[in-house]
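> coords please:
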Amino acid sequence: VSTQSTGAQMHAQFKRRALQSSLTNRTFILTKNSTYGFGHNVYGQLGNNNTTDQHEPVEVLISFRPKDILLLACGICHTMIYTCEGILYGTGYNGGGQLGIGDTTNQLLPKPVTFFSSKKILWLTCGYTHTMVYTNEKKLYGFGYNCHGQLGVGHNNNCTSPVEVTFFTNKEVLLLDCGDHTLALTNENKLYAFGNNEFGQLGIGSKDNQNLPHEVTFFSNKKISLIKCGYSHTLV
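As a prediction, the model looks like this:
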């Protein structure tokens, strides 16, 4: 299964399923006929209708055929699935609304995020306890925990339903990744960061949290090909 690809590879991405899970305590493996999961499952984040940790691979997400899963992303205790039918699902921990279903109820089985039912998703990534989604309408949305401003919407309130990050409206996002913070690269080769900055993980020269996108000017004259976020650090 490939890792999340760049904006230039979007069409190929919809022929190759993408898996993104840099902050998790569980693993998903997609084979030709089945999807397997293993690891921590106390909140139902494996999507197999129970809360039993799995110490070896078991078949999960049985309501989806592996070939129908286009994007799969994991936070610390939640999982998001986007299918070729254009439906986004969330399962697992939802205490901050990171499943985007309008409440804070945990889910043992994948539940549709109806907000995106008429939208085509190009990027899907999960932070520690939040989720970011970029659509073909050139709009970026965030939902979930927001105590550090990691949704980039100008306040620090949790969001149980998707909220548009209006700063990126009509901007083409090429790369997107999250920890307890969020990094986004636009087609203008500008890198923006927001969220938790306790350890300087936003790269902006201070340790102040940001609840609006802040340009990382260090990279203004450098060509960026990949960004990856840990919980409290960033690699470019």
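
> from here on, just use CA atoms for contacts and neighbour counts.
Noted.

> now do the helices in the chain.
10-13 (DSSP state H).

> can you list contacts of stretch 35-49?
Contacts to stretch 35-49, defined as CA atoms under 8 Å, 6 or more residues apart in numbering, come from residues 25-30, 50-62, 65-66, 77-79, 91-93, 106-110.

> what stretches of this structure score poorly on pLDDT?
For the chain, applying pLDDT under 70 flags the ranges 1-24.

> tell me the centre residue of it?
residue 125 (1.7 Å; CA atoms, centre = their mean).

> so what's that one up against?
Each residue near residue 125 by CA under 8 Å, 6+ apart is listed here: 20, 73-74, 131-133, 176-178.

> which two from the residues you listed end up farthest apart in space?
Greatest spatial distance among the contacts of residue 125 (CA to CA): 74 and 176, at 13.9 Å.

> more neighbours: which of those two?
Neighbours per residue (other CA atoms under 10 Å) separate residue 74 from residue 176, with residue 74 holding more: 32 against 28.

> that one is in contact with residue 82, isn't it?
No: judged on CA atoms under 8 Å, residue 74 makes no contact with residue 82 at a distance of 11.9 Å.

> measure residue 169 to residue 161 for me?
18 Å (CA to CA, to the nearest Å).

> who has more neighbours out of those two?
residue 161 (21 against 14).

> assess the claim that the more buried one and residue 101 are in contact.
Yes: when contacts are counted by CA under 8 Å, residue 161 is listed as touching residue 101 (5.9 Å).

> show me just the buried residues among the contacts of residue 125.
20, 73-74, 131-133, 176-178 (16 or more other CA atoms under 10 Å).

> from those residues, which is closest to residue 143?
For the buried ones among the contacts of residue 125, the minimum distance to residue 143 (CA to CA) is 5.5 Å, reached by residue 131.

> quick one: end-to-end distance for stretch 92-107.
5 Å.

> residues contacting that stretch, please?
With CA under 8 Å, 6+ apart, stretch 92-107 has contacts from 41, 43-47, 77-80, 89-91, 108-109, 111-114, 129-131, 143-145, 158-162.
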